[in-house]
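> below is the sequence, then the predicted model.
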Amino acid sequence: QVQLVESGGGLVQAGGSLRLSCAASGRTVRSYAMGWFRQAPGKEREFVAAINWSGDRRYYADSRRFTISNDNAKNTVSLQMNSLNTEDTAVYYCAAGFRIGILPTTPAQYSYWGQGTQVTVSA
């Protein structure tokens, strides 16, 4: 079993930044790739970024504004979000999924999910 707990969400003005963190635990957590997804009201859950635990592979839906990183000592995965706009408003989820070759990018490829953290960007 893998447990994931997100933190760092909140209210920010357009143009601002937020840093989300995901604390991962469980005996097999290092077997998984880690990803961030988001879901806005009335929309499907969408991929944001993914990383492997060695940190040498990363993949983004939008690399211009978001940066994913990990801290192996603390078993955390972070998402730095810059230049936020109102379209970034959503619940952000941390997830763990098996990686076979490339990093997984669809929700169906992820087995474990956190409870989500709300990010609201005001105009």
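Thanks, I have it.
> contacting residues around the residue sitting nearest the centre point of the chain?
Central residue of the chain (C-alpha atoms, centre = their mean): W36, 2.1 Å from the mean position. Each residue near W36 by C-beta atoms under 8 Å, 6 or more residues apart in numbering is listed here: 20, 22, 48-50, 68, 77, 79, 92-95. For every residue, glycine as well, the C-beta is placed using N, CA and C.
> quickly list what it is bridged to.
Counting by DSSP bridges, W36 is bridged to A49, C94.
> okay, it and R27: tell me how far apart.
Computed as C-beta to C-beta, to the nearest Å, the W36 to R27 distance reads 23 Å.
> do the same with T89
36 Å.
> try D71
Going from D71 to R27 by C-beta to C-beta gives 19 Å.
> ok, E46 next?
As judged by C-beta to C-beta, E46 and R27 stand 30 Å apart.
> how about the strands in this structure?
Counting by DSSP state E, the chain has strands at residues 3-7, 10-13, 18-25, 33-39, 46-51, 58-60, 66-71, 76-81, 90-97, 110-113, 117-122.
> how far does the last one sit from the chain's center?
Chain-centre distance of strand 117-122: 14 Å, with C-alpha atoms, centre = their mean, to the nearest Å.
> ok, now the fourth one?
Here the centre of mass of C-alpha atoms in strand 33-39, compared against the chain's by C-alpha atoms, centre = their mean, lies 4 Å away.
> same question, the third one
With C-alpha atoms, centre = their mean as the basis, the distance from the averaged C-alpha position of strand 18-25 to the chain average is 8 Å.
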